[in-house]
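**Student:** Quick one: sequence plus predicted model below, questions after.
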Amino acid sequence: MNVLVVILAFWVPGLVLGTVLRLRGWTLAAAAPALTFGGIALGVVAFQPLGLRWTPLIVAGWFAALAVVLLALTLLVKGRAQATDPDDVLSPRRLTTRGHLFVGAGVAAGIGVGALSFLRGIGSLDMLNQDWDSPFHGNAVRWIAEHANATPSTLGATANLPNQADYFYPDTYHALLALLLERVGGLEMPQLLNLAALMGVIAFPLGVAALGVTWRLPAISVGAAAAVSTWFSTFPFDSLWRGPLWPYVAGLALVPAVLAVTRELFVGRGVGGPIALAIAAAGLVGLHTSLAFILAAYLGVILLAVLVKVEPIDWRRSWKPVVGAGALGAVFVVVMMLPALFNAGGVTSTIWPIESTPAEAFGQIMLFSPSSPFPQWWLGLCALIGLVLMFRHRRLLWLATSYVAFAVLYAATVSLESPLVHKITGPFYDDAWRFAALLSLAGAVAFGEFVWTVSQAAVRLRDRARPGFATAPLVAAGSAVAVVLVLVGLTGAYVNRNVTRLGIQYHDGPGVSRAEQEAYLWLAEHSKPGERVMNDLRDGSVWMYAIAGVTPVEWTHYGAAEGTQENLLSREFNHYADENDSEVRTEVRKAVRDLNVRYAVVGTGWVRPHGFRQPGLLGITSVSWTRVVFQNSDATVVELIGAEQSGQARPSTDGN
């Protein structure tokens with residue numbers, strides 16, 4: 001039931017907007033989540049000046065109003081829309097029923113393999129990702145839900161920057177999830193985060209199919225591409241266990257759908273296509289600002305392909321949609337990106353150490369297996385052959401060229417220490433894994449081209465054996481299925497490999513365990529509104545707000561800035577009753593009072609293997625001025641005896 005709730009939340013608003021904008025078929029189905037996020041992103045920008053609260057009912061009203069406005073626009077220009085021949089070379093491929101069934105089977109196979117790998121990899125929907133960024137995302141979702149405010153600057157509190165008025169982190173992803181948290185179907189935080197991540201796995205094969213159909217690939221090629229789109233480790237699975245990069249994955253999974261919408265500009269049938277593209281682009285940038293550069297790269301290569309006449313276009317009917325989409329999209333994207341200038345320096349200054357030699361990096365991109373100690377040989381070789389065939393057949397040259405560009409960026413980032421490389425890759429945190437994730441799209445489409453070529457060779461062989469025997473479609477389809485099944489037999493669709501990789505960060509601990517979550521839930525029952533709980537920034541307790549709504553002193557694994565009261569307590573909290581240093585004791589007690597701290601929690605395990613207890617938390621479970629009020633195998637909660645909060649003494653609890 002909860003899966004259905006999340007699917008409906010991701011797809012239904014976008015389906016409404018897409019239908020109004022006259023998207024149809026595979027494009028509508030694939031682009032719906034991008035349009036949903038586009039509507040959310042625009043709502044995030046509009047709600048604060050309008051004085052609207054971020055609640056499910058009001059957001060539903062926002063989408064309804066948006067749909068009405070878009071309907072009016074499409075109706076106003078209906079009479080001027082230019083009719084096009086369905087078999088026009090610029091129109092999406094007109095598939096037969098058999099063709100749709102083949103594409104649908106490929107999409108179902110891709111979704112099935114992806115969902116199986118994901119669900120087995122995480123072990124349980126109640127399991128939490130143990131990596132660095134996951135509690136930040138969870139805290140952001142709950143903050144928006146509890147404050148009914150999705151303005152990104154308000155999230156500064158969850159990043160230990162409560163007074164930073166221009167704080168920014170793209171929160172379109174979190175804003176949508178906040179509407180579901182504990183409101184519909186009883187969705188708790190772990191389930192919500194995992195199901196939302198699964199939506200990207202589901203959306204990617206749909207997007208690959210839509211891209212293939214709209215850009216006129218043969219049905220066999222499209223179905224095969226969709227079927228293997230979730231076999232690649234580099235995307236989506238590596239970005240789901242490492243980080244995790246949930247908003248980035250969601251946006252990247254929707255890129256092929258947005259590229260499918262781009263094809264609407266070539267058809268020139270009114271304002272629906274340009275508006276849909278602009279809204280979808282806003283959704284991608286709202287998910288993660290770096291996606292603006294990815295989308296710009298793809299669109300730039302498509303424009304170049306058109307200008308050099310590699311891709312056909314009729315400028316007489318397309319110049320208005322192209323100009324309109326460019327202008328409106330630029331406005332939307334700029335609106336999304338302007339607040340990001342606050343943190344631009346912090347993002348672009350990040351430098352990751354190199355992980356491969358140039359020779360290793362070259363081999364990784366040749367086999368579509370970046371960031372991996374062992375290549376996906378069978379899939380990679382087929383995709384490499386398919387990429388060569390794409391150039392030879394002059395098929396989707398813009399996608400093949402984009403792959404080359406992204407592959408070079410990956411190889412340079414993962415293997416070279418260069419100021420120029422750092423400058424170019426700055427918007428992506430100088431993170432080679434983010435470029436690695438870009439290669440799966442071209443890999444899937446290239447595999448489809450390989451399978452289509454094999455199927456055509458099989459048809460020619462059959463014709464030579466029995467000329468005039470009318471079984472070409474069956475031979476083509478059968479040979480394509482045979483190729484995929486042989487690969488399944490050789491590789492198991494790489495399910496075990498991807499399960500293992502995804503499972504790297506999905507365990508009961510060490511960062512946060514179920515036993516530690518019990519402590520957070522105990523604190524939720526016993527702490528009072530306005531109180532904050534003293535915690536260690538590396539033992540998983542930064543999860544307490546996301547899990548139970550309990551406000552921590554330290555919100556993130558990075559910790560509060562030096563000079564803040566939060567940082568003082570992390571360093572000196574155990575000097576609360578120090579008789580030897582009255583100055584420190586006075587500062588600590590003032591911080592405890594100002595931050596309204598009554599409880600402290602100490603967990604076991606660390607977000608990183610080399611973790612260590614913060615100095616201020618050392619020994620606090622056995623000092624005379626605290627008493628243990630909750631304890632289990634992984635966590636201990638203590639209460640300050642006779643502590644002063646908010647200027648007045650608070651009586652102790654009985655510990656029950």
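**Tutor:** Yep, it's here.

**Student:** lowest-pLDDT helix or strand in this structure?
**Tutor:** strand 648-649 (a mean of 36; mean pLDDT, DSSP states H and E).

**Student:** Domain map for the protein?
**Tutor:** Annotated domains of the chain cover 2-89+96-344, 514-649 [automatic domain parsing].

**Student:** Out of these, which is the most enclosed?
**Tutor:** Each of those was scored by mean neighbour count; the highest is domain 2-89+96-344, a mean of 21, by mean count of other Cβ atoms under 10 Å. (Glycine included, C-beta is placed from N, CA and C.)

**Student:** pLDDT on that domain, on average?
**Tutor:** The average pLDDT within domain 2-89+96-344 is 93.

**Student:** And it, end to end?
**Tutor:** The straight-line separation of the ends of domain 2-89+96-344 (Cα to Cα, to the nearest Å) is 37 Å.

**Student:** mind checking how far it is from the chain centre?
**Tutor:** With Cα atoms, centre = their mean, to the nearest Å as the basis, domain 2-89+96-344 stands 10 Å off its chain's centre.

**Student:** of all the domains of the chain, which lies closest to residue 414?
**Tutor:** Residue 414 sits nearest to domain 2-89+96-344 of all the domains of the chain, at 11.8 Å, using Cβ to Cβ.

**Student:** Where do the strands of this structure begin and end?
**Tutor:** Ranges of strands in the chain, per DSSP state E, are 532-534, 551-552, 597-603, 626-631, 635-640, 644-645, 648-649.

**Student:** ok, residue 371 touching residue 415?
**Tutor:** No - when contacts are counted by Cβ atoms under 8 Å, residue 371 is not listed as touching residue 415 (11.6 Å).

**Student:** Which neighbours do those two have in common?
**Tutor:** Common contact partners of residue 371 and residue 415 (Cβ atoms under 8 Å, 6 or more residues apart in numbering): residue 355.

**Student:** for the stretch 551-656 of the chain, which spans come out with low pLDDT?
**Tutor:** Across the stretch 551-656 of the chain, the ranges flagged by pLDDT under 70 are 643-656.

**Student:** rewinding a little: can you put the domains of the chain in CSV and add distance to residue 391?
**Tutor:** Below are the domains of the chain laid out as CSV (distance: least, Cβ to Cβ, whole Å):
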stretch, distance to residue 391
domain 2-89+96-344, 11
domain 514-649, 44
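
**Student:** List the residues that contact the nearest residue to residue 128 once chain neighbours are set aside.
**Tutor:** Distances taken as Cβ to Cβ, 6 or more residues apart in numbering place residue 190 nearest to residue 128, at 5.2 Å, with adjacent residues excluded. Going by Cβ under 8 Å, 6+ apart, residue 190 touches 125, 126, 127, 128, 547.

**Student:** Which of those fall in helices?
**Tutor:** Counting by DSSP state H, these place residue 547 in helices.

**Student:** how about the residue lying closest to residue 145 once chain neighbours are set aside, what does it touch?
**Tutor:** Take residue 145 and drop its neighbours on the chain: the residue closest to it by Cβ to Cβ, 6+ apart is residue 178, 4.0 Å away. When contacts are counted by Cβ under 8 Å, 6+ apart, residue 178 touches 54, 141, 142, 143, 144, 145, 150.

**Student:** Tell me the spacing between the closest residue to residue 19 other than its chain neighbours and residue 141.
**Tutor:** Spatially, and ignoring its direct neighbours in sequence, residue 19 is nearest to residue 28 (6.7 Å; Cβ to Cβ, 6+ apart). Computed as Cβ to Cβ, to the nearest Å, the residue 28 to residue 141 distance reads 28 Å.

**Student:** Kindly report the same for residue 608.
**Tutor:** As for residue 608, its distance to residue 141 is 23 Å (criterion: Cβ to Cβ).

**Student:** Throw the contacts of residue 190 into JSON lines and include distance to residue 290, thanks.
**Tutor:** Supplementary listing: these in JSON lines, determined by distance: Cβ to Cβ, whole Å:
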{"residue": "125", "distance to residue 290": "28"}
{"residue": "126", "distance to residue 290": "31"}
{"residue": "127", "distance to residue 290": "28"}
{"residue": "128", "distance to residue 290": "25"}
{"residue": "547", "distance to residue 290": "29"}
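
**Student:** can you tell me which of the contacts of residue 190 lies nearest to residue 432?
**Tutor:** Of the contacts of residue 190, the one sitting nearest to residue 432 (Cβ to Cβ) turns out to be residue 128, at 25.9 Å.

**Student:** The stretch 51-200 of the chain: helices as residue ranges?
**Tutor:** Remark: helices assigned in the stretch 51-200 of the chain by DSSP state H, counting those that start in this stretch are 56-76, 97-122, 134-147, 172-178, 189-214.

**Student:** quick one: the last one to helix 134-147, angle?
**Tutor:** Spelled out, it's helix 189-214. For helix 189-214 against helix 134-147, the angle by axes from the mean of the first three to the mean of the last three Cα atoms, to 10 degrees is 100 degrees.

**Student:** what angle separates helix 189-214 from helix 97-122?
**Tutor:** 150 degrees.

**Student:** And the contacts of stretch 561-577?
**Tutor:** Stretch 561-577 has contacts (Cβ under 8 Å, 6+ apart) with 160-161, 534, 536-537, 553-554, 559-560, 581, 584-585, 587-592, 594-595, 597, 600, 614-620, 623-625, 640.

**Student:** go on, stretch 624-636?
**Tutor:** Contacts of stretch 624-636 (Cβ under 8 Å, 6+ apart): 509, 513, 515-516, 518-519, 522-523, 526, 576-577, 599-605, 620-621, 637-642, 652-653, 655.

**Student:** What's the end-to-end length of that stretch?
**Tutor:** 16 Å.

**Student:** hang on, the earlier thing: nearest to residue 398 among the domains of the chain would be which one?
**Tutor:** Comparing the domains of the chain by Cβ to Cβ, domain 2-89+96-344 comes nearest, at 4.2 Å.

**Student:** pretty sure residue 26 is in contact with residue 214, am I right?
**Tutor:** Yes - the criterion here is Cβ under 8 Å, and residue 26 meets it with residue 214 at 7.3 Å.

**Student:** what do the two both touch?
**Tutor:** 92, 260.

**Student:** How about residue 405: what's its closest non-neighbour residue?
**Tutor:** In this structure, residue 405 finds its nearest non-sequential neighbour in residue 297, 6.8 Å apart by Cβ to Cβ, 6+ apart.

**Student:** quick one: the helices in the stretch 351-500 of the chain?
**Tutor:** 358-366, 377-392, 397-415, 419-425, 432-436, 439-465, 472-491, 495-502.

**Student:** highest average neighbour count across those?
**Tutor:** helix 432-436 (a mean of 25).

**Student:** name the helices or strands packed onto it?
**Tutor:** Contacts defined by 3 or more Cβ pairs under 8 Å, 6 or more residues apart in numbering; DSSP states H and E place helix 432-436 against helix 238-241, helix 397-415.

**Student:** cutoff 10 Å now
**Tutor:** With contacts defined as 3 or more Cβ pairs under 10 Å, 6 or more residues apart in numbering; DSSP states H and E, the packing partners of helix 432-436 are helix 238-241, helix 358-366, helix 397-415, helix 419-425.
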